[in-house]
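> Task: produce atomic coordinates for the following.
(2 chains)
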2 protein chains.
Amino acid sequence: MSKTLSSTQRTRLTRHRERGSEDRSDLYAIIAEALVCHVGIVRDGEPVVLPAIHAADPDGPDEGGTLYLHGSVAAPWLLQAPGQTVCATFTLVDAVVLARAAFSHSMNYRSAVVYGAARRVEDPAERDHALRLIVDHVVPGRSATLRANTRKELVATTVIAVALAEASVKARTGGPKDEPEDLAAGTWAGVVPLTVRAGAVEPDQDGPIPDDVRHRLADW
Amino acid sequence: MSKTLSSTQRTRLTRHRERGSEDRSDLYAIIAEALVCHVGIVRDGEPVVLPAIHAADPDGPDEGGTLYLHGSVAAPWLLQAPGQTVCATFTLVDAVVLARAAFSHSMNYRSAVVYGAARRVEDPAERDHALRLIVDHVVPGRSATLRANTRKELVATTVIAVALAEASVKARTGGPKDEPEDLAAGTWAGVVPLTVRAGAVEPDQDGPIPDDVRHRLADW
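Down below sits the predicted model:
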């Protein structure tokens, strides 16, 4: 797989090109860290944006690797997506950047926007693999500790795949970038870093928290 | 303003209707807590989903109140949005729900999906008001501590408005909902609450952290 993303008309950055990355590993890192993505489809000519959980497989069968999404067979967006181009957007907000001027306020973030034709995954082995990856996206290693999906559960689930071939990646880091004339004004400015943290686990089952969950908690 | 959201074909929930809310105050609460939203537009017949910062004004001029979005005049999506229907989606991930079976895994979340025709805000007073609301969305009260926007800054900024009239609100709370036959299996299950927390502030300016920022930090 190419280590770089080659931009297309859809993925070429028009604003703040200096924030872009063409490194495919940055794309995979953002997708791995984002717990959910926002998937856009077009329905009756209008946009629909829904949050979804996902997983990426760099060794998946699609060009650039495969992004997997899943949901109920009854979910309209999963019925409508196959064959059409979908847009999956991943956003990590790393900090609020408070500048001297309102105009210079910003956020530090890492984001990725993926475009691709959605493919309905029909092959049982690929479906099983995708569903395991989605569980492991949330808690690495957890799928191996769970019973296999039943036939009824599999029938009730739609899995779609999108190639990780066409994507833009953008990030902002650092402090406020005020105009020189604003620096002397004395207005307080600074960066407030933000992170997602886990609170106290609420067990629903007796017994020790398993290793996979403990390891995941250490990252939160 | 009506206290309830009346559903339309676009906003009627098709899955897990019991998670829905028609209380407009729930919509405003989610929009207030979400630091960013994901905005979908249609470009050349295909979906584009981008993260954006926003603010809501319950007393805004649009039916149901007004959602404001802004950005550079050079941003293609802000040029294309006016006149077309946009979809703005707000997602708060409150917890990861680890069940006994992969199929029963879930997340606790609060989300809102808003549909509406984007209106380009031209009136200088409304533009100024919207830009202040967007600053105050991040740090309430901060806009009053900043100098006014310059003419050059205003010319460089596009503001769009979307009515908060047509929206769906959905939330999941609680623990795993496993099938009875899985409860005896002994697989560990539980809920991992997640919250966004602020780290140590990185000042870019001497002097004490102002009250507005300190109050905001107390919520993170």
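> Do any residues in the biggest strand by length in chain A lie close to chain B?
Ranked by residue count, the top strand of chain A under DSSP state E comes out as strand A:85-98. Yes: interface with chain B: strand A:85-98 contributes A:T85, A:V86, A:C87, A:A88, A:T89, A:T91, A:V93, A:V96, A:L98 (Cβ under 8 Å from any Cβ of the partner chain). C-beta: built from backbone N, CA, C; applies to glycine.
> Next, work out how far apart the first one and B:L131 are.
Using Cβ to Cβ, to the nearest Å, one obtains 33 Å as the distance from A:T85 to B:L131.
> Comparing these two, which residue is more hemmed in?
Ranked by neighbour count (other Cβ atoms under 10 Å in any protein chain shown), A:T85 and B:L131 place B:L131 first, with 24 against 20.
> B:T158 is in contact with that one, correct?
No: look at B:L131 against B:T158 with Cβ atoms under 8 Å: they stay out of range, at 10.8 Å.
> Now the common contact residues for the two.
B:H70 (Cβ atoms under 8 Å, 6 or more residues apart in numbering or on different chains).
> Show me how far the worst-scoring helix or strand of chain A on mean pLDDT is from its chain's centre.
Across the helices and strands of chain A, mean pLDDT, DSSP states H and E gives its lowest value to strand A:20-21, namely a mean of 90. For strand A:20-21, the separation from the chain centroid amounts to 16 Å (computed by Cα atoms, centre = their mean, to the nearest Å).
> For the helix or strand just after that strand, which residues meet the burial criterion?
Sequence order places helix A:24-33 as the next helix or strand after strand A:20-21, per DSSP states H and E. Within helix A:24-33, the residues that count as buried by 16 or more other Cβ atoms under 10 Å in any protein chain shown are A:R24, A:D26, A:L27, A:Y28, A:A29, A:I30, A:I31.
> From the contact counts, what lies against helix A:24-33?
Applying 3 or more Cβ pairs under 8 Å, 6 or more residues apart in numbering or on different chains; DSSP states H and E, one finds that helix A:24-33 makes contact with strand A:46-57, strand A:85-98, strand A:106-117, strand A:166-172.
> what's the angle between the last one and strand B:46-57?
Between the direction of strand A:166-172 and that of strand B:46-57, the angle (axes from the mean of the first three to the mean of the last three Cα atoms, to 10 degrees) works out to 30 degrees.
> contacts for strand A:166-172?
Against strand A:166-172 from outside (Cβ under 8 Å, 6+ apart): A:5, A:7-8, A:10-13, A:16, A:19-23, A:26-27, A:30, A:64, A:97, A:106-116.
> cutoff 6 Å now
Residues from elsewhere that reach strand A:166-172, judged by Cβ atoms under 6 Å, 6 or more residues apart in numbering or on different chains: A:5, A:8, A:11, A:13, A:19-21, A:26-27, A:108-116.
> Quote the end-to-end distance of stretch A:9-16.
Distance across stretch A:9-16, first residue to last, is 16 Å (Cα to Cα, to the nearest Å).
> Which residues outside that stretch are in contact with it?
With Cβ under 6 Å, 6+ apart as the criterion, stretch A:9-16 contacts A:G20, A:Y115, A:E166, A:S168, B:S72, B:A75, B:P76.
> picking up where we left off before, any idea of the angle the longest strand of chain A forms with strand B:46-57?
For strand A:85-98 against strand B:46-57, the angle by the same axes, to 10 degrees is 40 degrees.
> Pull the distance from strand A:85-98 to the chain's centre.
Per Cα atoms, centre = their mean, the displacement of strand A:85-98 from the mean C-alpha position of its chain is 8 Å.
> Over to stretch A:74-88?
17 Å.
> List of residues touching that stretch?
A:37, A:39-41, A:50, A:71, A:114-115, A:117-118, A:120, A:158, A:160, B:14-15, B:46-49.
> Now do the buried residues in the helix ranked longest in chain A.
Determined from DSSP state H, the single longest helix within chain A is helix A:124-138. Judged by neighbour count (16+ other Cβ under 10 Å), helix A:124-138 contains these buried residues: A:126-138.
> circling back: what's the least confident helix or strand of chain A in contact with?
Outside strand A:20-21, the residues that touch it by Cβ under 6 Å, 6+ apart are A:L13, A:V169, A:K170.
> Looking at those residues, which one is closest to chain B?
Lowest distance from chain B to the contacts of strand A:20-21 (Cβ to the nearest Cβ) belongs to A:K170, with 9.6 Å.
> gap between that closest one and B:H137?
According to Cβ to Cβ, A:K170 and B:H137 sit 21 Å apart.
> Ok, A:F90 next?
Distance check for A:F90 against B:H137: by Cβ to Cβ, it reads 22 Å.
> Any stretches of chain A with poor pLDDT?
By pLDDT under 70, chain A contains no weakly predicted segment.
> let's go with 80 and repeat that
Along chain A, segments meeting pLDDT under 80 span A:1-2, A:6.
> Redo the buried residues of helix A:124-138 as JSON lines? Include distance to A:A81.
JSON lines is the format used below for the buried residues of helix A:124-138 (distance: Cβ to Cβ, whole Å):
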{"residue": "A:E126", "distance to A:A81": "17"}
{"residue": "A:R127", "distance to A:A81": "16"}
{"residue": "A:D128", "distance to A:A81": "20"}
{"residue": "A:H129", "distance to A:A81": "19"}
{"residue": "A:A130", "distance to A:A81": "14"}
{"residue": "A:L131", "distance to A:A81": "17"}
{"residue": "A:R132", "distance to A:A81": "21"}
{"residue": "A:L133", "distance to A:A81": "18"}
{"residue": "A:I134", "distance to A:A81": "16"}
{"residue": "A:V135", "distance to A:A81": "21"}
{"residue": "A:D136", "distance to A:A81": "23"}
{"residue": "A:H137", "distance to A:A81": "19"}
{"residue": "A:V138", "distance to A:A81": "22"}
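> can you redo those residues as CSV with distance to chain B?
Shown next, in CSV, are the buried residues of helix A:124-138 (distance: Cβ to the nearest Cβ, whole Å):
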residue, distance to chain B
A:E126, 16
A:R127, 12
A:D128, 10
A:H129, 12
A:A130, 11
A:L131, 6
A:R132, 8
A:L133, 11
A:I134, 8
A:V135, 5
A:D136, 10
A:H137, 11
A:V138, 6
